[in-house]
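1. can't give you the sequence, but here's the structure:
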């Protein structure tokens, strides 16, 4: 008697026959540059090691002081820029008055109240903005604090789905792990009539003292969206220098001039360009065309010193990079900073960054710089004005 194969064995055999063949492994090679600086340009590994071999703990400590109001970014430039105090005093000139006007009496879905929250947080204290299971994220902390203000209908819906009582916070830009924010803009809406801006502010302040600082909470128009309503984003990157002498690797120079980085970045100002070569982890549908185009209003680099002196009384020398654009792609600022430093060290031409945008592979640009140096300074909802800039 012939024994018939079992049902499980038949199903396994059928799945093996129907499953497509595994794709061949990809062959990753170094991008071959063809300009005159190709032999002087760092490899991806050399660039990564150069960027991460820095005293980043000093930058983290400085950003923590800035978040808690003990220091300011403008203090690094007060000696060179006597107008820094005037700029700092006018930081809020671009906040539209219409945003602080309560919504009018409406009915139905128009009756909801929308609140705009301006918060600061130290990136080294969180695992990024976006809420993720088992991680300490800013969004998770904010939404748990907003849970007490959700309306009854949503509270009942969350209870039926056995979900925690949390609010929904919209944000201007999702920061990665380690990235600090001084002017992150969030929004929260509810149909409850008894919720006041002061109540939300007190709830957020008690969520994580010393790690999150609430600058303001105001009721705004229902049409306000922290991301889609924004007209520009303002980022700042602090790159620390090592005290010891920079090592050489063969014939490649491992030093660069800040003025060279400044010249490279200034070529981007006032242009609408596709930064797809400077983006990382973006979907295939957003790799070509307008979704990758950004208009850069301001791009500068300058030397500065951290205002917090060391134990020996000497302030740390740093390079500051300031970027303002209508939008930024994923990890675009960090890749742009690392690539500008690499091109400056190689002695590339001033339009090197623009030429790299025509590359055929993202390996043409450097790996992202460490997130510890990046800071979201502000988000604007009116037309760009250079008075918001820190580096003239």
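-> Yep, it's here. Keep in mind the model is a prediction, meaning the values are calculated, not measured.
2. rest of the way, CA atoms for contacts and neighbours
-> Fine.
3. list the contacts for residue 369?
-> 48, 51, 52, 334, 335, 337, 338 (CA atoms under 8 Å, 6 or more residues apart in numbering).
4. buried only: go through those for me.
-> Among these, those buried by neighbour count (16 or more other CA atoms under 10 Å) are 48, 51, 334, 335, 337, 338.
5. hang on, the earlier thing: which of the contacts of residue 369 sits closest to residue 356?
-> residue 335 (12.0 Å; CA to CA).
6. if I look at the closest residue to that closest one other than its chain neighbours, what pLDDT would I see?
-> Ranked by CA to CA, 6 or more residues apart in numbering and with sequence neighbours excluded, the top spatial neighbour of residue 335 is residue 368, at 4.2 Å. pLDDT recorded at residue 368 is 94.
7. can you tell me how far residue 368 is from residue 280?
-> The span separating residue 368 from residue 280 equals 8 Å under the rule CA to CA, to the nearest Å.
8. more neighbours, those two?
-> residue 368 (22 against 17; other CA atoms under 10 Å).
9. check contacts around the more buried one.
-> Contacts of residue 368 by CA under 8 Å, 6+ apart are 48, 331, 334, 335, 336, 337, 338.
10. what of residue 151?
-> If you count contacts by CA under 8 Å, 6+ apart, then residue 151 has 190, 191, 192 around it.
11. make a PyMOL selection of the buried ones in the residues you listed.
-> PyMOL command restricting the contacts of residue 151 to the buried ones, with burial defined by 16+ other CA under 10 Å:
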select buried, resi 190+191
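12. TSV please, covering the contacts of residue 151 and showing pLDDT and distance to residue 221.
-> Below are the contacts of residue 151 laid out as TSV (pLDDT from 0 to 100; distance: CA to CA, whole Å):
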residue	pLDDT	distance to residue 221
190	86	13
191	85	14
192	84	15
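13. and which of the contacts of residue 151 is nearest residue 64?
-> Nearest to residue 64 among those, with distances taken as CA to CA, is residue 190, at 31.9 Å.
14. hmm, the closest one is touching residue 146, no?
-> No - between residue 190 and residue 146 there is no contact under CA atoms under 8 Å: 9.9 Å.
15. give the helix, strand or coil label for the nearest residue to residue 72 once chain neighbours are set aside.
-> Of all residues not flanking residue 72 in the chain, residue 66 sits nearest, at 5.3 Å (CA to CA, 6+ apart). At residue 66, secondary structure determined by DSSP: H, G, I helix; E, B strand; the rest coil is helix.
16. residue 66: neighbour count?
-> Residue 66, neighbours per other CA under 10 Å, totals 19.
17. ok, back up a step: any common contacting residues for residue 368 and residue 280?
-> Common neighbours of residue 368 and residue 280 (CA under 8 Å, 6+ apart) are residue 331.
18. on that earlier part again, how about the contacts of residue 368 in JSON lines, adding distance to residue 267?
-> Output for the contacts of residue 368, formatted as JSON lines (distance: CA to CA, whole Å):
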{"residue": "48", "distance to residue 267": "24"}
{"residue": "331", "distance to residue 267": "20"}
{"residue": "334", "distance to residue 267": "18"}
{"residue": "335", "distance to residue 267": "16"}
{"residue": "336", "distance to residue 267": "13"}
{"residue": "337", "distance to residue 267": "14"}
{"residue": "338", "distance to residue 267": "16"}
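19. what's the most distant pair in these?
-> Maximum distance among the contacts of residue 368 (CA to CA): 14.7 Å, for 48 and 331.
20. tally of neighbours for residue 380?
-> That count, for residue 380 with other CA under 10 Å as the rule, works out to 24.
21. that older thread, of the buried ones among the contacts of residue 369, which is the nearest to residue 230?
-> For the buried ones among the contacts of residue 369, the nearest to residue 230 is residue 334 (21.0 Å; CA to CA).
22. name the helices or strands packed onto the helix or strand harbouring that closest one?
-> Element membership for residue 334, per DSSP states H and E: helix 332-346. Under the contact criterion of 3 or more CA pairs under 8 Å, 6 or more residues apart in numbering; DSSP states H and E, helix 332-346 touches helix 44-52, helix 258-266, helix 352-356.
23. following the helix or strand bottoming out on mean pLDDT in the chain in sequence, what is the next regular element?
-> Counting by mean pLDDT, DSSP states H and E, the chain has its least confident helix or strand at helix 84-89, which shows a mean of 41. Following helix 84-89 in sequence order, the next helix or strand is strand 113-121 (DSSP H and E).
24. partner strands of that next one, parallel or antiparallel?
-> Using DSSP bridges, the strands paired with strand 113-121 are strand 180-190 (antiparallel), strand 212-220 (antiparallel).
25. so which of the ones you listed is the most packed in?
-> Comparing those by mean neighbour count (mean count of other CA atoms under 10 Å), strand 180-190 comes out on top with a mean of 24.
26. pretty sure residue 184 sits against residue 378.
-> Yes - in terms of CA under 8 Å, residue 184 counts as a neighbour of residue 378; the distance is 6.6 Å.
27. pLDDT of stretch 161-169, averaged?
-> 83.
28. what does it contact?
-> Under CA under 8 Å, 6+ apart, the answer for stretch 161-169 is 139, 142-150, 155, 158-159, 186-189.
29. out of the residues you listed, which are buried?
-> Using 16+ other CA under 10 Å, the buried ones in those are 139, 142-147, 149-150, 155, 186-189.
30. just the ones of the residues you listed in strands?
-> Per DSSP state E, strands hold the following members of the buried ones among the contacts of stretch 161-169: 186, 187, 188, 189.
31. just give me the neighbour total for residue 240.
-> When neighbours are defined as other CA under 10 Å, residue 240 has 23 of them.
32. quick check: closest non-adjacent residue to it.
-> Nearest to residue 240 is residue 318, by CA to CA, 6+ apart, at 4.4 Å.
33. assumed the one you found was part of a helix.
-> No - Residue 318: not assigned to a helix; according to three-state DSSP it is strand.
34. quick one: it from residue 305, how far?
-> Taking CA to CA, one finds residue 318 at 6 Å from residue 305.
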